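**Q** requesting a structural model of the entry that follows:
(2 chains)
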There are 2 protein chains.
Amino acid sequence: MHDQDHPAPAAPTTRVGVVGLGAMGLGMARSLRAAGFHVAVHDLRADVAADFAREGGAAYDSAGDLAADVDVLVGVVVNSAQVESVLFGDGGAAHRLRPGSVYVMCSTVDPAFSAQLEGRLGELGVRFLDAPISGGAARAATGELTMMTSGSPEAYALADPVLDAMSTTVYRLGDTAGLGSKVKIVNQLLAGVHIAAAAEAMALGIKAGVPTEALYEVITHSAGNSWMFENRMAHVLAGDYTPLSAVDIFVKDLGLVLDSARPQKFPLPLSATAHQMFLQASASGLGGEDDSAVIKIFPGIELPEPKPVPTPAPAPASQKEN
Amino acid sequence: MHDQDHPAPAAPTTRVGVVGLGAMGLGMARSLRAAGFHVAVHDLRADVAADFAREGGAAYDSAGDLAADVDVLVGVVVNSAQVESVLFGDGGAAHRLRPGSVYVMCSTVDPAFSAQLEGRLGELGVRFLDAPISGGAARAATGELTMMTSGSPEAYALADPVLDAMSTTVYRLGDTAGLGSKVKIVNQLLAGVHIAAAAEAMALGIKAGVPTEALYEVITHSAGNSWMFENRMAHVLAGDYTPLSAVDIFVKDLGLVLDSARPQKFPLPLSATAHQMFLQASASGLGGEDDSAVIKIFPGIELPEPKPVPTPAPAPASQKEN
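**A** Prediction:
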């Protein structure tokens, strides 16, 4: 533990931990610190955690050690395997969290997994909040996320000030875990299909010889618009595939959408098709590029070239990746 | 001809004809009349044309007779077969339009067909404007359409005041016919895929037990939103499948999208999947219902029941169907 504590005046008394300092988790830990919380962190990359703590808060060597010292543990890891490892792996948090404390699960996972977690932690006296996030890294850093949450009143009672510090909008969807994850899954279904549809539409327009800037202008003011078309096709027009959210994220998330429906034998034809498009992009070596690079699976079209950028443009404050 | 002419003061001198008085054409004819034009009309249903003329303007028995008396002929028929019939069928308009007059084609057609029409009419000295429309019946009636246009400067010179009277936004995409239709095709690709995706997402949410009102609230404020999700899922929540735009319109339009790409051997995986979903809906007897009824192809879910409506609600002014 590397404690470098600089509590803000009138700091909230709830002790908060954040596990997973990726693009989202790091921004969320910073916005919690900016809100006056004492924020303790853990990441498998010890240097990333130490870097964070240098400006306030504390870095811990394991999720378990961190868990023992906090009231609210916010988990911002990528998938259910990582959640499992954080909670129940070697040096895991589940058995170190004190009874009455709460684990806030911000990962995108199968809703059934989330519902099970509530039960498994409940047996240890630990509360659980199903709390997937939306908004992207820029909003995470400014405390402007959207959270899709569900859980018991007791879990909310402890977690609420923490949620409010990270988010502009907290949807409270019900009193059992899983509902938040279900809504997140539906959102990811639409987000993934809309990115692939935007790519298909823009590709057809280019193939037909429509000027791309004019096409973008018309569509973003017409009934064919989507949040994703407007956001992601701007990347295509700029020829900039720097990953804000990568192709492989939607290989994962649309896979999760399909996995969540299969046990109920529920058909999702568009999700399945869009998933294949992201798989084809990933198999073509585009997995690490921005998800808008799914347009590169369409052959025989000339995409806009990267525009020369004299000075690095700041990320727009309203950036929201998924 | 049943002339019942009531010219407004300071009426524009351009004589305008409208062929096709469906939900769109009737509204457009009315907004032209409201703008002060003398508007002559023709519809295969003579009583509909006569009804229009009762409040001003003139009704004609054939497209050809109408064509001979106007400077700008606006065609608002459903598909390329009807355009062909209006222009080159028995009593058709092409050979009756005077040299220098202009045909404004508002139908959604294959862009290649539109480009050919420009040439065929050009041989007769008649100008042509490729001018598909977007916005729906309510906006047509208030002169607030969006038009996606292309054509020669000479065609625009005559048609511009007419376009402006019908629309709040006229996109001028280039100087040859076909570009307007290409952009409209891309818009219909997105609109169709987005309606089907909205249905798939809402169906999955219902299957998973998410309250529909909460799901709608979250999605419409998240990155998964689309213009169509917001508009059409409101119909599903209300249990109201009164057709503003019917399932069979997207059977036709997504078919057109696919047809336009096939000669170039260009793949459109999501359009093809969404088209199959609308076909399945139509084959199930839903072809005449609102296009949001595509959600009824998902089995084993309980859709919201129609809400009792004490008084008929007025159509929202911002209604835009496709």
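**Q** show me where chain A has helices.
**A** A:23-34, A:46-53, A:63-68, A:80-88, A:111-122, A:136-141, A:153-166, A:179-207, A:212-219, A:227-238, A:247-261, A:269-281 (DSSP state H).
**Q** CSV for these, including mean neighbour count and distance to B:Asp164?
**A** In short, each C-beta sits where N, CA and C put it, glycine included. Shown next, in CSV, are the helices of chain A (neighbours: other C-beta atoms under 10 Å in any protein chain shown; distance: least, C-beta to C-beta, whole Å):
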stretch, mean neighbour count, distance to B:Asp164
helix A:23-34, 24, 48
helix A:46-53, 18, 58
helix A:63-68, 22, 64
helix A:80-88, 20, 57
helix A:111-122, 19, 52
helix A:136-141, 22, 40
helix A:153-166, 19, 49
helix A:179-207, 29, 26
helix A:212-219, 19, 17
helix A:227-238, 21, 27
helix A:247-261, 22, 43
helix A:269-281, 22, 38
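**Q** worst mean pLDDT among those helices?
**A** When the helices of chain A are ranked by mean pLDDT, helix A:136-141 comes last with a mean of 88.
**Q** what is that helix packed up against?
**A** Here helix A:136-141 touches helix A:23-34, going by 3 or more C-beta pairs under 8 Å, 6 or more residues apart in numbering or on different chains; DSSP states H and E.
**Q** where does the residue of chain A most remote from its centre fall, phi/psi-wise?
**A** In chain A, the residue that sits farthest from the middle, by C-alpha atoms, centre = their mean, is A:Gly209; the gap is 36.4 Å. Backbone geometry at A:Gly209, expressed as degrees, to the nearest 10, gives phi 90, psi 20.
**Q** quick one, what contacts it?
**A** B:179, B:182 (C-beta atoms under 8 Å, 6 or more residues apart in numbering or on different chains).
**Q** kindly provide the distance from it to B:Lys182.
**A** 7 Å (C-beta to C-beta, to the nearest Å).
**Q** same check on A:Ala49?
**A** Taking C-beta to C-beta, one finds A:Ala49 at 53 Å from B:Lys182.
**Q** could you do A:Gly119 as well?
**A** 55 Å.
**Q** got it, and A:His194?
**A** On the measure of C-beta to C-beta, A:His194 and B:Lys182 end up 21 Å apart.
**Q** now do the same end-to-end measure for stretch A:39-50.
**A** Length of stretch A:39-50, first residue to last, C-alpha to C-alpha, to the nearest Å: 12 Å.
**Q** quick one: residues in contact with it.
**A** Here stretch A:39-50 has contacts from A:2, A:15-21, A:25-26, A:29, A:32-33, A:52-53, A:56-63, A:65-66, A:69-70, using C-beta under 8 Å, 6+ apart.
**Q** chain B contacts on the stretch 51-200 of chain A?
**A** A:111, A:134-135, A:146, A:148, A:169, A:171, A:173-174, A:179, A:182-183, A:185-191, A:193-194, A:196-198, A:200 (C-beta under 8 Å from any C-beta of the partner chain).
**Q** how deep is A:Thr142 tucked in, by neighbour count?
**A** 17 (other C-beta atoms under 10 Å in any protein chain shown).
**Q** returning to what we had before: now the residue farthest from the centre of chain A: how far from B:Leu173?
**A** From A:Gly209 across to B:Leu173, the span is 11 Å (C-beta to C-beta).
**Q** any shared contact partners between those two?
**A** B:Leu179.
**Q** and A:Asp43, how far from A:Tyr60?
**A** 9 Å.
**Q** to clarify, my last question referred to A:Gly27.
**A** 19 Å.
**Q** so A:Gly122 makes contact with A:Gln116?
**A** No: using C-beta atoms under 8 Å, A:Gly122 makes no contact with A:Gln116, being 10.4 Å away.
**Q** need the contact list for A:Gly224.
**A** A:201, B:186-191, B:194, B:227-228.
**Q** now swap in A:Arg96 and tell me
**A** A:Arg96 touches A:64-65, A:67-68, counting by C-beta under 8 Å, 6+ apart.
**Q** pLDDT at it, what is it?
**A** 98.
**Q** same deal with A:Lys307?
**A** So A:Lys307 comes in at 79 (pLDDT).
**Q** no further queries at this time; thank you.
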